[in-house]
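Peer 1: what's the 3D shape of this:
(chains A and B)
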Amino acid sequence: MLDWKWVRENKDFVRRALETRNSSPELLEEILAVDEKRRGLQREVDELKAKKNQLSKNVGACKKEGKDPAPLLREIEGIAVTIEKLDRELKEIEKIWEEKLLFLPNLPHHTVPVGRSEEENVEVRRWGEPRRFDFSPRPHWEIGEELGILDFERGAKVASSRFTVLWGQGALLERALINFMLDLHTEQHGYKEVFPPFLVNTKTMIGTGQLPKFYEDLYHCQDDLHLIPTAEVPVTNLHAGEILEEEDLPLSYVAYTACFRREAGSYGKDVRGLIRQHQFNKVELLKFAHPESSYEELESLVHDAEMVLQLLGLPYRVVALCTGDLGFAAAKTYDLEVWLPSQGRYREISSCSNFEDFQARRANIRFRSASGKVAYVHTLNGSGVAVGRTLLAILENYQEKDGTVVIPEVLRRYMHGLELLIPSVR
RNA sequence: GGAGAGGUGGCCGAGUUGGUUGAAGGCGCUCGACUCGAAAUCGAGUAGGCAAGUGAGAGCUUGCCUCGUGGGUUCGAAUCCCACCCUCUCCGCCA
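Peer 2: All right, here's what the predicted structure looks like:
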């Protein structure tokens, strides 16, 4: 949610900013119109209420003095009728205003490159040299099935397409990656580990911006609960409605969770393999930062995520998303893209964003500064990193001609010293 | 799921014969005094949201709303009534 008073005073700037992110301008105009009505009504109602409150006080005083309050009561009666009518109107219009406001996206930070789509994202840096193969590198689904660790058929049987079963050393590798990432971020980068619920209520989904706009992307359960699409949702909302201490900022959390996404609208995309699943594991980095230093915190968060790929020896690049490719709630986003030999290109494995106070407003997360003033914090998060895609990247980047896969050095202590995955059928 | 207790400001905690109580007191925090400095002590200040006015601005002034949430009763509710949510204790069930 944007700072509405500020929006009202900077309409033109907001209009232009929304344009750069391909957001239609009509919504803004609608909200502005509703807001005009809302404020007019509130002024009117407030004045009437002030009058009525004063008269009510007089009734008390009147009775104390032993006088007859009847004339006052008649006057109050008349005002009360008007108030009730206007108050109902005001409430309705406030509801409409708030609901519309929830659909207005965040504005891009001024450092975000302007562009219409993905193609105009800007590469910031590269790390690692894609390996030169003396054979044609195979896709991970072939490697994984041959190793007997990836089972797509049974995933589809017990659930549906886009679900995968990991067997034996594949399951172990998944678990090893999670532990490796958690240990790295807690021990080397100073994050506090959290294990949050995988189901959250509607209010929580609204807090981080998934609802009401992206209802179709989520799985919904009974009892006002929804499956989380990312740890960002429960963990950011951990501090919803709270006032944090300025000296505690930034708070840095790392959480492993499973993530659930319906992937509605991505039919036909990445249908094979592990790239796009309805359920996947992710280790997520989150920060609650002081507004003055949130962009420095974003840079350090990106570096923390990059370290995972560097230690695993996976070549990647960092991309700054352009205004047109920015997510609904983000003010600025860097994607980490890992090299996939079978596709001969980089694919997203992490997305790191500063949401500024957009989520903090929705979830009401604030801090008290030394001067006693209360202000919204900035929230940030980024994958550190997506586990399934990391596993797939390892299979592809570390594959050998004979079908074996070398386990990256840093993972071996998490895998009982295992150095090589070998096809069981050999 | 059943029975009981409870949800008040950053925190703790008063406040149920409805009426200057948006809220005593304490802690914490801020400023000031004392001090070379600090501690202790003393004094002052200290909820949030919305709207309007004023100011270049930090801010200041006024009004409205908020004592879990939403309704209701009443001229007037933290205080009375109803529904829901949450916490705690006991019982049941359960990994």
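
Peer 1: near RNA strand B, which residues of the stretch 51-200 of chain A?
Peer 2: Residues of the stretch 51-200 of chain A lying close to RNA strand B (CB under 7 Å from any atom of the strand) are A:52-57, A:59-60, A:63, A:73, A:76-77, A:80, A:91. Just so you know, the C-beta spots here come from the backbone N, C-alpha and C atoms, and that holds for glycine as well.

Peer 1: hmm, 10 Å instead?
Peer 2: A:51-64, A:69, A:72-77, A:79-80, A:83-84, A:87-88, A:90-91, A:94-95, A:97 (CB under 10 Å from any atom of the strand).

Peer 1: Narrow the residues you listed to those in strands?
Peer 2: Residues of these located in strands (DSSP state E): none.

Peer 1: Is it possible to mark the buried ones in those?
Peer 2: A:52, A:55, A:62, A:69, A:72, A:76, A:83, A:90, A:97 (16 or more other CB atoms under 10 Å).

Peer 1: ok so, going back, among the residues of the stretch 51-200 of chain A next to RNA strand B, name the ones in helices.
Peer 2: In helices, judged by DSSP state H, the following of those are found: A:51-64, A:72-77, A:79-80, A:83-84, A:87-88, A:90-91, A:94-95, A:97.

Peer 1: Pull the residues that contact whichever strand or helix holds A:A258.
Peer 2: Using DSSP states H and E, A:A258 falls within strand A:251-260. Strand A:251-260 has contacts (CB atoms under 8 Å, 6 or more residues apart in numbering) with A:178, A:181-182, A:185-186, A:189-196, A:198, A:218-219, A:227-231, A:234-235, A:238-239, A:244, A:278-288, A:384.

Peer 1: Mark which of these are buried, thanks.
Peer 2: With burial judged by 16+ other CB under 10 Å, the buried subset of the contacts of strand A:251-260 is A:178, A:181-182, A:185, A:189, A:191, A:194, A:196, A:198, A:218, A:227-231, A:234-235, A:238-239, A:244, A:278-288, A:384.

Peer 1: and the closest residue to RNA strand B within the stretch 101-250 of chain A, what does it touch?
Peer 2: As assessed by CB to the nearest atom of the strand, RNA strand B sits closest to A:I243 within the stretch 101-250 of chain A, at 4.4 Å. A:I243 makes contact with A:366-368, A:374 under the criterion CB under 8 Å, 6+ apart.

Peer 1: Need the residues you listed in CSV (columns: neighbour count and secondary structure).
Peer 2: Shown next, in CSV, are the contacts of A:I243 (neighbours: other CB atoms under 10 Å; DSSP: H, G, I helix; E, B strand; the rest coil):
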residue, neighbour count, secondary structure
A:R366, 19, strand
A:F367, 25, strand
A:R368, 14, strand
A:V374, 10, strand
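
Peer 1: among those, which are in reach of RNA strand B?
Peer 2: A:366, A:368, A:374.

Peer 1: Break chain A into its domains for me.
Peer 2: A:24-101, A:118-421 (automatic domain parsing).

Peer 1: Near RNA strand B, which residues of the stretch 201-350 of chain A are found?
Peer 2: So the stretch 201-350 of chain A meets RNA strand B at A:201, A:203, A:223-224, A:241-247 (CB under 10 Å from any atom of the strand).

Peer 1: Keep only those of the buried ones among the contacts of strand A:251-260 that are in strands.
Peer 2: Those of the buried ones among the contacts of strand A:251-260 lying in strands (DSSP E): A:194, A:227, A:244, A:279-288, A:384.

Peer 1: okay, who's weakest in those residues by pLDDT?
Peer 2: Across these, the bottom pLDDT score, 87, is held by A:L244.

Peer 1: ok, now which ones touch that one?
Peer 2: A:251, A:288, A:365-368, A:377.

Peer 1: and those as TSV, adding distance to A:L104?
Peer 2: Formatted as TSV, the contacts of A:L244 follow (distance: CB to CB, whole Å):
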residue	distance to A:L104
A:L251	27
A:F288	23
A:I365	19
A:R366	21
A:F367	24
A:R368	27
A:V377	20
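
Peer 1: Tell me the one of the buried ones among the residues of the stretch 51-200 of chain A next to RNA strand B nearest A:T208?
Peer 2: Closest approach between these and A:T208, by CB to CB: A:W97, at 21.0 Å.

Peer 1: can you tell me which residues contact that closest one?
Peer 2: Applying CB under 8 Å, 6+ apart, the residues near A:W97 are A:31, A:34-35, A:38.
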